[in-house]
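Chemist: curious how this folds, go ahead:
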Amino acid sequence: MNGHAFLDGSRKSPSIGLWLGLADPYTAELCATIGFDWVLIDSEHAPNTLQTVVSQLQAVAATPTAAVVRPPTSRPEAVKRYLDIGAHTLLLPMIDGPEQAAAVVAATRYPPEGTRGVGSALARASRWGQDTEYLSTANDRAFVIAQIESPKAVASIDGIAAVDGVDAIFVGLSDLAATMGHLGEPTHSDVLAAFRHVVQRAHHAGKPVGTLAGSEQLAEAARTAGCQFIAVGTDVGLLTRGGAQLLSTHRHTDRPLRPAVY
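Modeler: Below is the predicted model:
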């Protein structure tokens, strides 16, 4: 699947994704086979390295699920390395204004359109030089999602969304809540109002919008606002909630224990 085919515009309902934070290719492959439209490999808050991200990209590539990667920062040196390992769709954190947005877009483009360094012969992205059209097509393959996480970014959304090469907008509700003075309260009315404003202005600019919804309330708010792509959970959450439910079911039962059969 094309890295951003899950945002092809022909969908009548939001594209549904899952956040990956376990930093493991085996679990990434498992989650990608469930049927989510996309998965997000997180290097900002998960213990990922370039090597573990490569392994997860390889694992997800064997499935119909699209892979999005969030680098640890939006600095050009980080952007370059993630592009070189074959991440075409990047969610770039902490974009606060149009100048920063333009700089990160430039970091995803080879000159003269941008500032990306050329090392494609060593890169997985070009199949180690065997993709002879890579240099001429790489700029068009890059897909940039700008992450809005602060009041400054909310105030600058028109400028950010207007930047050529910013393909989509993503609202980081947890950080937006924190920077608005509502730490741990992403459903606060002020946060949701800012969220709806960003979605409206991004749509006015013709840019799709997404978010990570940590609860059904947030998922419904995202759908109502008109988000085109929504991550509805995390691999960590699936494991912890499933494990807790399983433990609760068996710890409080009066049924006699029986030997496990494998």
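Chemist: quote the end-to-end distance of stretch 28-40.
Modeler: Separation of the first and last residues of stretch 28-40 by C-alpha to C-alpha, to the nearest Å is 10 Å.
Chemist: in it, what's buried?
Modeler: Neighbour-count burial for stretch 28-40 flags Ala28, Glu29, Cys31, Ala32, Phe36, Asp37, Trp38, Val39, Leu40 (criterion: 16 or more other C-beta atoms under 10 Å). All C-beta atoms are positioned from the backbone trio N, CA, C, and that covers glycine.
Chemist: who's in contact with Asn48?
Modeler: Ala23, Ile41, Asp42, Gln56 (C-beta atoms under 8 Å, 6 or more residues apart in numbering).
Chemist: how about 7 Å then?
Modeler: Going by C-beta atoms under 7 Å, 6 or more residues apart in numbering, Asn48 touches Ala23, Ile41, Asp42.
Chemist: A helix includes Asn139, no?
Modeler: Yes. Applying DSSP: H, G, I helix; E, B strand; the rest coil, one finds Asn139 inside a helix.
Chemist: how many residues are close by the closest residue in space to it that isn't next to it in sequence?
Modeler: Leaving aside its sequence neighbours, Asn139 sits nearest to Arg109 (C-beta to C-beta, 6 or more residues apart in numbering; 4.7 Å). Neighbour count for Arg109, taken as other C-beta atoms under 10 Å: 18.
Chemist: same check on Pro93?
Modeler: Around Pro93 there are 23 other residues, counting by other C-beta under 10 Å.
Chemist: kindly report the same for the one 4 residues further on.
Modeler: Burial of Gly97, expressed as a neighbour count using other C-beta under 10 Å, amounts to 17.
Chemist: for it, give me phi and psi.
Modeler: Phi and psi for Gly97, reported as degrees, to the nearest 10, are phi -160, psi 170.
Chemist: how close does it sit to Val144?
Modeler: Separation of Gly97 from Val144 (C-beta to C-beta, to the nearest Å) stands at 15 Å.
Chemist: Thr89 too?
Modeler: 8 Å.
Chemist: so who does the closest residue to Pro208 other than its chain neighbours touch?
Modeler: Take Pro208 and drop its neighbours on the chain: the residue closest to it by C-beta to C-beta, 6+ apart is Gln228, 4.0 Å away. Counting by C-beta under 7 Å, 6+ apart, Gln228 makes contact with Leu7, Pro14, Ser15, Pro208, Val209, Gly210.
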